[in-house]
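Novice: pasting the structure only:
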């Protein structure tokens, strides 16, 4: 089915074409910016996780101090990590 356009309809169509062409021009820049932001966020999370794992490994290598806590009703053992990076 064909839709016939009058001269009156051509101005909005022309404006839409201009908007689409402007969007097509900036899309590569937007994609590059989005890719950069996503990559930086992923690397930041990975770096924080690796730092946390390093601290945890350091604490594990330093061991724990085991203490027995006595209360009126009972007693229990408390393991305190020797690491200072908590």
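Specialist: Perfect, thanks for sending it. What you see is a predicted model, and the numbers here were worked out from it, not measured in a lab. Numbering: from 1, shown residues only.
Novice: drop to CA atoms for contacts and neighbour counts, all remaining ones
Specialist: Fine.
Novice: and the helix or strand containing residue 36, average pLDDT?
Specialist: If you go by DSSP states H and E, residue 36 is part of helix 7-62. Averaged across helix 7-62, pLDDT comes to 80.
Novice: so how far is that helix from its chain's centroid?
Specialist: Distance of helix 7-62 from its chain centroid, counting by C-alpha atoms, centre = their mean, to the nearest Å, is 11 Å.
Novice: just checking, next helix/strand downstream of it?
Specialist: strand 64-70.
Novice: what's that next one packed up against?
Specialist: strand 75-81 (3 or more C-alpha pairs under 8 Å, 6 or more residues apart in numbering; DSSP states H and E).
Novice: What pairs with the strand it packs on, parallel or antiparallel?
Specialist: strand 64-70 (antiparallel) (DSSP bridges).
Novice: Residue 72 belongs to a strand?
Specialist: No: counting by DSSP: H, G, I helix; E, B strand; the rest coil, residue 72 falls outside a strand, being coil.
Novice: In space, what's closest to residue 65 - neighbours in sequence excluded?
Specialist: By the measure of C-alpha to C-alpha, 6 or more residues apart in numbering, the closest residue to residue 65 outside its immediate chain neighbours is residue 80, 5.1 Å from it.
Novice: Show the pLDDT at the one you found.
Specialist: 80.
Novice: My read is that it contacts residue 66, right?
Specialist: Yes: assessed by C-alpha atoms under 8 Å, residue 80 is found in contact with residue 66 at 6.3 Å.
Novice: That concludes my questions; thank you for your assistance.
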